[in-house]
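Undergrad: Let's see this in three dimensions:
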Amino acid sequence: MLQFLYLNDNKLEGNLPEGIRDMKHLKHLGLWTNRLTGNLPEVDPAKWPELEYLWLNANNFTGSIHPSLSRLPKLKVAYFAKNWNLGGNLPPGFSELDSLQLLFVQQTNISGHLPCAFLDRPNMMRIDATITNIEGCQDMGCLKEKCE
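TA: Next up, the predicted model:
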(Lines give C-alpha, C1' and ligand atoms only; values in the text may rest on other atoms or scores of the structure.)
Protein backbone atom coordinates (compact mmCIF):
# COMPACT_ATOMS: atom_id res chain seq x y z
CA MET A 1 0.00 0.00 0.00
CA LEU A 2 1.43 3.31 -1.13
CA GLN A 3 1.73 5.85 1.68
CA PHE A 4 4.18 8.41 0.31
CA LEU A 5 3.92 9.79 -3.23
CA TYR A 6 6.32 12.51 -4.34
CA LEU A 7 6.11 13.56 -7.98
CA ASN A 8 7.52 17.05 -7.53
CA ASP A 9 9.62 18.73 -10.24
CA ASN A 10 8.52 16.26 -12.91
CA LYS A 11 6.97 18.68 -15.42
CA LEU A 12 3.60 16.94 -15.00
CA GLU A 13 0.89 18.64 -17.05
CA GLY A 14 -2.88 18.66 -17.06
CA ASN A 15 -5.40 18.12 -14.29
CA LEU A 16 -4.75 16.37 -11.00
CA PRO A 17 -4.87 12.67 -12.00
CA GLU A 18 -8.10 11.00 -10.88
CA GLY A 19 -6.33 7.83 -9.77
CA ILE A 20 -4.49 9.73 -7.05
CA ARG A 21 -7.82 10.59 -5.44
CA ASP A 22 -8.47 6.88 -4.84
CA MET A 23 -5.24 6.12 -2.95
CA LYS A 24 -6.76 5.70 0.49
CA HIS A 25 -3.49 4.86 2.28
CA LEU A 26 -1.66 8.03 1.26
CA LYS A 27 -0.08 10.00 4.08
CA HIS A 28 2.04 12.36 1.96
CA LEU A 29 1.21 13.71 -1.49
CA GLY A 30 3.87 15.93 -3.05
CA LEU A 31 3.09 17.42 -6.46
CA TRP A 32 4.86 20.77 -6.13
CA THR A 33 6.63 22.52 -8.98
CA ASN A 34 4.92 20.89 -11.91
CA ARG A 35 2.63 22.27 -14.61
CA LEU A 36 -0.67 20.98 -13.25
CA THR A 37 -3.71 23.00 -14.30
CA GLY A 38 -7.45 23.13 -13.89
CA ASN A 39 -9.61 23.28 -10.81
CA LEU A 40 -8.67 21.50 -7.61
CA PRO A 41 -11.21 18.67 -7.66
CA GLU A 42 -13.54 17.47 -4.98
CA VAL A 43 -11.93 14.79 -2.85
CA ASP A 44 -13.93 12.33 -0.78
CA PRO A 45 -12.37 12.56 2.72
CA ALA A 46 -13.18 8.88 3.19
CA LYS A 47 -10.77 8.10 0.32
CA TRP A 48 -7.93 10.09 1.90
CA PRO A 49 -8.49 9.30 5.60
CA GLU A 50 -4.75 9.12 6.37
CA LEU A 51 -3.49 12.12 4.37
CA GLU A 52 -1.36 14.38 6.56
CA TYR A 53 0.78 16.36 4.10
CA LEU A 54 -0.51 17.91 0.88
CA TRP A 55 1.86 19.87 -1.37
CA LEU A 56 0.13 21.32 -4.45
CA ASN A 57 2.18 24.50 -4.58
CA ALA A 58 3.96 26.02 -7.58
CA ASN A 59 1.59 24.76 -10.26
CA ASN A 60 -1.02 26.48 -12.43
CA PHE A 61 -4.26 25.50 -10.68
CA THR A 62 -7.30 27.69 -11.29
CA GLY A 63 -10.66 28.13 -9.62
CA SER A 64 -10.77 27.83 -5.85
CA ILE A 65 -9.68 25.37 -3.17
CA HIS A 66 -12.45 22.80 -3.05
CA PRO A 67 -14.06 22.73 0.45
CA SER A 68 -13.61 18.95 0.61
CA LEU A 69 -9.85 19.50 1.01
CA SER A 70 -10.56 21.27 4.30
CA ARG A 71 -12.32 18.17 5.65
CA LEU A 72 -9.42 15.72 5.47
CA PRO A 73 -9.43 14.37 9.03
CA LYS A 74 -5.66 14.05 9.60
CA LEU A 75 -4.37 16.92 7.44
CA LYS A 76 -1.44 18.65 9.17
CA VAL A 77 0.23 20.59 6.36
CA ALA A 78 -1.40 22.12 3.27
CA TYR A 79 0.60 24.02 0.65
CA PHE A 80 -1.34 25.79 -2.10
CA ALA A 81 1.15 28.65 -2.56
CA LYS A 82 2.41 29.99 -5.90
CA ASN A 83 -0.72 29.07 -7.82
CA TRP A 84 -1.35 32.60 -9.09
CA ASN A 85 -4.70 31.75 -10.71
CA LEU A 86 -6.09 30.00 -7.65
CA GLY A 87 -8.77 32.26 -6.19
CA GLY A 88 -12.06 32.34 -4.34
CA ASN A 89 -12.35 32.33 -0.58
CA LEU A 90 -10.43 30.08 1.75
CA PRO A 91 -12.81 27.26 2.73
CA PRO A 92 -13.98 27.85 6.33
CA GLY A 93 -13.38 24.20 7.16
CA PHE A 94 -9.64 24.86 7.49
CA SER A 95 -10.28 26.96 10.60
CA GLU A 96 -12.17 24.01 12.14
CA LEU A 97 -9.57 21.34 11.43
CA ASP A 98 -7.90 20.42 14.74
CA SER A 99 -5.06 18.51 13.07
CA LEU A 100 -3.94 21.43 10.85
CA GLN A 101 -0.55 22.90 11.77
CA LEU A 102 0.63 24.74 8.66
CA LEU A 103 -1.39 26.41 5.91
CA PHE A 104 0.37 28.15 3.02
CA VAL A 105 -1.70 30.08 0.47
CA GLN A 106 0.71 32.92 -0.30
CA GLN A 107 1.13 34.13 -3.87
CA THR A 108 -2.38 33.17 -4.92
CA ASN A 109 -5.51 35.19 -5.69
CA ILE A 110 -7.40 33.80 -2.70
CA SER A 111 -9.58 36.46 -1.12
CA GLY A 112 -11.82 37.02 1.90
CA HIS A 113 -10.35 37.04 5.40
CA LEU A 114 -8.71 34.72 7.90
CA PRO A 115 -11.23 33.83 10.63
CA CYS A 116 -10.29 34.30 14.28
CA ALA A 117 -11.26 30.64 14.75
CA PHE A 118 -7.76 29.70 13.56
CA LEU A 119 -6.52 30.83 16.97
CA ASP A 120 -8.65 28.17 18.66
CA ARG A 121 -6.99 25.33 16.77
CA PRO A 122 -4.76 23.48 19.25
CA ASN A 123 -2.03 22.55 16.77
CA MET A 124 -1.99 25.55 14.41
CA MET A 125 1.53 26.95 14.17
CA ARG A 126 1.67 29.02 11.00
CA ILE A 127 -0.49 30.53 8.30
CA ASP A 128 1.03 32.39 5.39
CA ALA A 129 -1.43 34.32 3.25
CA THR A 130 0.94 37.07 2.12
CA ILE A 131 0.67 38.35 -1.44
CA THR A 132 -2.99 37.32 -1.73
CA ASN A 133 -6.28 39.19 -1.85
CA ILE A 134 -7.06 38.24 1.76
CA GLU A 135 -8.16 41.32 3.66
CA GLY A 136 -6.70 42.36 6.99
CA CYS A 137 -4.49 39.82 8.70
CA GLN A 138 -2.41 37.49 6.61
CA ASP A 139 -0.53 35.58 9.31
CA MET A 140 -0.95 34.22 12.84
CA GLY A 141 0.80 37.14 14.57
CA CYS A 142 -1.54 39.72 13.12
CA LEU A 143 -4.54 37.49 13.76
CA LYS A 144 -3.62 37.23 17.45
CA GLU A 145 -3.41 41.01 17.75
CA LYS A 146 -6.72 41.55 15.96
CA CYS A 147 -8.75 38.83 17.64
CA GLU A 148 -7.59 38.99 21.26
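
Undergrad: which regions of the chain lie under the pLDDT threshold?
TA: Residues of the chain meeting the criterion pLDDT under 70: none.

Undergrad: can you give me the strands in it?
TA: 4-6, 13-14, 28-30, 35-39, 53-55, 60-64, 77-79, 86-87, 102-104, 111-113, 126-128, 133-135 (DSSP state E).

Undergrad: Now mean neighbour count and distance to residue 95 too, for these, in TSV please.
TA: Every C-beta, even on glycine, is put in place using the N, C-alpha and C of the backbone. Conversion of the strands of the chain to TSV gives the following (neighbours: other Cβ atoms under 10 Å; distance: least, Cβ to Cβ, whole Å):
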stretch	mean neighbour count	distance to residue 95
strand 4-6	13	27
strand 13-14	10	31
strand 28-30	18	22
strand 35-39	15	22
strand 53-55	20	17
strand 60-64	17	16
strand 77-79	21	12
strand 86-87	21	18
strand 102-104	21	9
strand 111-113	15	11
strand 126-128	18	10
strand 133-135	15	13
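
Undergrad: So for residue 147, which of those strands sits nearest?
TA: Comparing these by their distance to residue 147 (Cβ to Cβ), the top pick is strand 111-113, with 11.1 Å.

Undergrad: Just checking the distance from the closest one to the centre of its chain.
TA: 15 Å (Cα atoms, centre = their mean, to the nearest Å).

Undergrad: So which other helices or strands are in contact with it?
TA: strand 133-135 (3 or more Cβ pairs under 8 Å, 6 or more residues apart in numbering; DSSP states H and E).

Undergrad: What strands flank the strand it packs on, and is each parallel or antiparallel?
TA: strand 111-113 (parallel) (DSSP bridges).
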